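Novice: One predicted model, sequence on top.
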Amino acid sequence: MTTRTPTRPRMPTRPRTSTRAPGATAGSRRTARRGTGRRGRSRRPRRRLPRADRTLLLVLAASVTVGLLIVSGPVELHLASRDRVATLEAQLAALEAENARLEQRRDDLDDPEVVELLAREQQGLVRPGEVPYVLTPPPVDRPRITEPVAPLPAEAPGPVARAAAWLRSLIG
């Protein structure tokens, strides 16, 4: 025995009538619109989906939404970690360049001539028996760009200072 799914009875359809405007010929594109809505579409009854199809669409939409929510966290984490890797690689390149510069400086300081030159220039050291000379430039009279600032006038004593002076005059 087979079971049949119940179907809805079909709605009776109206017989088709001519939609041509009065006086229009068969080749004319101008037609009269009857029963049109605001946008010019005819008012046909909307065909509704069967209940099972609607349920399936709702389950599908909910599944897609939940899937997007589940996937969005790891995707965001991946993008953030990719940006962090790029930042760290830039820092690594800068630190390697600084390390190379410092290694070159270390190699230069292993040379006794460089150490002696730095000691003479920066510390003013001399060898025994040498006479050090220090040359100082003469003072230069520089033109002033602005006028010198005048000293501020003495401020008038405040109320506390006046009260203290008055008390001293009474006592003394």
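Specialist: Received the coordinates, thanks.

Novice: CA atoms of the lowest-mean-pLDDT helix or strand in the chain as CSV?
Specialist: In the chain, no helix or strand scores lower on mean pLDDT, DSSP states H and E than helix 159-171, which sits at a mean of 88. Output in CSV follows, covering the C-alpha atoms of helix 159-171 (Å, rounded to 0.1, in the frame of the first residue of the first chain):
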residue,chain,number,x,y,z
PRO,A,159,46.8,89.8,51.9
VAL,A,160,48.8,87.4,54.1
ALA,A,161,52.0,89.4,53.8
ARG,A,162,50.1,92.6,54.6
ALA,A,163,48.4,91.0,57.6
ALA,A,164,51.8,89.8,58.9
ALA,A,165,53.3,93.3,58.4
TRP,A,166,50.4,94.9,60.3
LEU,A,167,50.9,92.4,63.2
ARG,A,168,54.6,93.2,63.4
SER,A,169,53.8,96.9,63.5
LEU,A,170,51.5,96.3,66.5
ILE,A,171,53.9,94.2,68.4
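
Novice: What residues sit buried inside it?
Specialist: By neighbour count with 16 or more other CB atoms under 10 Å, helix 159-171 contains no buried residues. C-beta here means a position set from N, CA and C on the backbone, and glycine is covered the same way.

Novice: any weak-confidence spans in this protein?
Specialist: The model of the chain has pLDDT under 70 over residues 1-42.

Novice: The longest helix along it: how far from the chain's middle?
Specialist: If you go by DSSP state H, the chain has its longest helix at helix 51-109. Centroid separation for helix 51-109 versus its chain: 15 Å, with CA atoms, centre = their mean, to the nearest Å.

Novice: helices or strands up against that helix?
Specialist: Helix 51-109 is packed against no helix or strand, with contacts defined by 3 or more CB pairs under 8 Å, 6 or more residues apart in numbering; DSSP states H and E.

Novice: can you start the count at 327 instead of 1 from here on
Specialist: Fine by me, first position is 327 from now on; the one you just mentioned is helix 377-435.

Novice: still on that earlier bit, distance between the least confident helix or strand of the chain and the chain's centre?
Specialist: With CA atoms, centre = their mean, you get 63 Å for helix 485-497.

Novice: which helices and strands does that helix pack with?
Specialist: Of the remaining helices and strands, none touches helix 485-497 by 3+ CB pairs under 8 Å, 6+ apart.

Novice: And the contacts of it?
Specialist: With contact meaning CB atoms under 8 Å, 6 or more residues apart in numbering, helix 485-497 is reached by Pro483.

Novice: State the number of residues packed around Arg446.
Specialist: Per other CB atoms under 10 Å, the neighbour tally for Arg446 reads 14.

Novice: mind listing what it touches?
Specialist: Val452.

Novice: And it, how close does it get to Pro463?
Specialist: To Pro463, Arg446 is 19 Å away according to CB to CB, to the nearest Å.
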